[in-house]
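Colleague: dropping the sequence and predicted coords here.
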Amino acid sequence: GPFHIYEDAVYQKWQSLLFEVFPRLSMKVHPKSKSKPLPGLLTEQRQLEECLADYDLLVFDYFATGAVLATMSDKPVIYFDIGLRRLAPEFLQDLRSRCEYAKIDFSADIRKQCSNAIEKFWSSNREWSNSKIARYSLCEKESFHWSELLKAGSAGSSLF
C-alpha cells in the first residue's frame, strides 16, 4: 500500500546513490531478506542487537524494528525519510530531536540531499540523546495490558 514500499528498481537506485555519497556505510541485511544487496556493498549479517555496539553511526530510511533499536540506543542516528512511513506529527518531532533528520525528495538531486544531511550531521555540535524517545518505551504504570491500549484506541483516542 502507499507509504509502505517502493518498486525494487526505485529502492535500489536510492541505495546506490546513498552508498556513493557515503561509501563506508555498511548495509544491515534483514534476517528474512531473500534479495541480494547491490554488488560491492559492505554488509552486516548479524542481528542488529548483536552488532549495534560495533558501529559509530546508525543510518536508516524505514521505520521498523531496526529503527526502534537504533533510536533507543546511545548511538548517533541519521534518518533519511524517503516517504516509506507516515509518522504521527508528535512522534516525528521527537524523532527529529533524536536523529539527524533528512526528508528526501526523489525528484531532486538525491546525492546532494544525502551529502547535505551527512555534512549537517558531522558539523553539528549536537549531543545525541535518546531521552525524547524514552516515553515510547517506558511504561508509566506498574503493569501494562495491551487490552487497555486497544480499549483506548477504540474510544476514539489516537494510538500513534
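Modeller: Great, that's in hand.
Colleague: buried set for stretch 127-134?
Modeller: Judged by neighbour count using 16 or more other Cβ atoms under 10 Å, the buried positions of stretch 127-134 are 128, 130, 132-133. No exception for glycine: its C-beta is placed from N, CA and C like everyone else's.
Colleague: so where do the strands sit in this protein?
Modeller: Assigned by DSSP state E, the chain shows strands spanning 26-28, 42-44, 58-60, 77-81, 100-103.
Colleague: could you dump these to CSV with mean pLDDT?
Modeller: Putting the strands of the chain into CSV (pLDDT from 0 to 100) gives the following:
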stretch, mean pLDDT
strand 26-28, 90
strand 42-44, 89
strand 58-60, 93
strand 77-81, 95
strand 100-103, 95
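Colleague: quick one: closest of these to residue 19.
Modeller: Ranking the strands of the chain by proximity to residue 19 (Cβ to Cβ) places strand 26-28 first, at 7.7 Å.
Colleague: residues making contact with that closest one?
Modeller: By Cβ atoms under 8 Å, 6 or more residues apart in numbering, the surrounding residues in contact with strand 26-28 are 15, 19, 37, 41-44, 48, 51, 55, 66.
Colleague: switch the cut-off to 7 Å
Modeller: Contacts to strand 26-28, defined as Cβ atoms under 7 Å, 6 or more residues apart in numbering, come from residues 37, 41-44, 48, 66.
Colleague: name the nearest of those relative to residue 111.
Modeller: residue 41 (16.5 Å).
Colleague: contacts only, for residue 12.
Modeller: residue 38.
Colleague: least confident pick among the buried residues of stretch 127-134?
Modeller: Lowest pLDDT among the buried residues of stretch 127-134: residue 132, with 74.
Colleague: with residue 96 as the reference, measure out to residue 64.
Modeller: 18 Å (Cβ to Cβ, to the nearest Å).
Colleague: cool, and residue 127?
Modeller: For residue 127 relative to residue 96 (Cβ to Cβ), the value is 15 Å.
Colleague: what of residue 86?
Modeller: Per Cβ to Cβ, residue 86 is found 15 Å from residue 96.
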